[in-house]
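Peer 1: Could you work out the structure for the sequence below:
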Amino acid sequence: GTGKTALVNETHKPITAKKGAFIKGKYDQFQRNIPYYAVIQAFEEHNNHILSGDEQSLDLWRVRLQQALGTEGRVLTEIMPNLELIIGEQPEVPELAGKEAQNRFIYLFRNFTRAIAREGHPLVLFLDDLQWADLSSFELIKALLTDPKGGHLMCVGAYRDNEVSASHPLMSTLSQLEQEK
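Peer 2: Next up, the predicted model:
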């Protein structure tokens, strides 16, 4: 209610003017049970932007993203169907459970993000209403922001501080990120 979202949205113009990309996602209190909800929403927006380009640009993105994901692109196309329109149908991947599945997902999402956010094409990811984000989202955000091979990604988050206590997962994630600086 204090204009944080409007302020962040104003950063969109100078970023895109310098060949950067600005994507945004918004968490919803009624979608808390959907892992990565706003992150996926934001990256699907970027995928749609790619799909709206000309054939030559689409081919460049296809190659870049296929190289980044290798033979395991299906892990991401299952949660971002519009990615399959860019990289094509992906082969089945071995089923993993628990922590192994999460580690593979984070590894692939980091590779995917690096392919998008690179030198000469920085990426700003704006996530709104983080007070409603799920634990998986916080793990992914932390992994993206601490990626030693990253560096062209900026994540901006907004949340309602009156809905976040000291024990909220967001505060824990921010504390961990501060310690890893």
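
Peer 1: okay, now residue 104: neighbour count?
Peer 2: Residues lying near residue 104 (other Cβ atoms under 10 Å) number 15. C-beta: built from backbone N, CA, C; applies to glycine.

Peer 1: Would you agree it is in contact with residue 76?
Peer 2: No - using Cβ atoms under 8 Å, residue 104 is not in contact with residue 76, being 10.4 Å away.

Peer 1: Mutual contacts of those two, please.
Peer 2: Residues touching both residue 104 and residue 76 by Cβ atoms under 8 Å, 6 or more residues apart in numbering: none at all.

Peer 1: which residues of the chain fall in strands?
Peer 2: Using DSSP state E, the strands found in the chain span residues 21-26, 123-128, 153-157.

Peer 1: Pipe the ones you listed into CSV and attach mean neighbour count, distance to residue 97 and mean pLDDT per row.
Peer 2: CSV is the format used below for the strands of the chain (neighbours: other Cβ atoms under 10 Å; distance: least, Cβ to Cβ, whole Å; pLDDT from 0 to 100):
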stretch, mean neighbour count, distance to residue 97, mean pLDDT
strand 21-26, 20, 27, 91
strand 123-128, 23, 28, 92
strand 153-157, 17, 29, 88
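
Peer 1: need the longest helix for the protein.
Peer 2: Using DSSP state H to define each element, the chain has its longest helix at helix 98-116.

Peer 1: And the contacts of it?
Peer 2: For helix 98-116, using Cβ under 8 Å, 6+ apart, the contacting residues are 21, 43, 46, 64-65, 67-69, 72-73, 75-76, 95-96, 123, 136, 139-140, 143-144, 147, 149-150, 153.

Peer 1: Just those residues: which are in helices?
Peer 2: 43, 46, 64-65, 67-69, 75-76, 136, 139-140, 143-144.

Peer 1: What mean pLDDT does the longest helix of the chain get?
Peer 2: Averaged across helix 98-116, the pLDDT comes to 95.

Peer 1: Going by neighbour count, list what's buried in it.
Peer 2: 102, 105, 106, 108, 109, 110, 111, 112, 113, 114, 115, 116 (16 or more other Cβ atoms under 10 Å).

Peer 1: confidence score at residue 120?
Peer 2: On the pLDDT scale, residue 120 gets 87.

Peer 1: So, low pLDDT: which residues of the chain?
Peer 2: Within the chain, the ranges that satisfy pLDDT under 70 run 1-2, 4-5, 9, 12-14, 16-18, 162-168, 170-171, 181.
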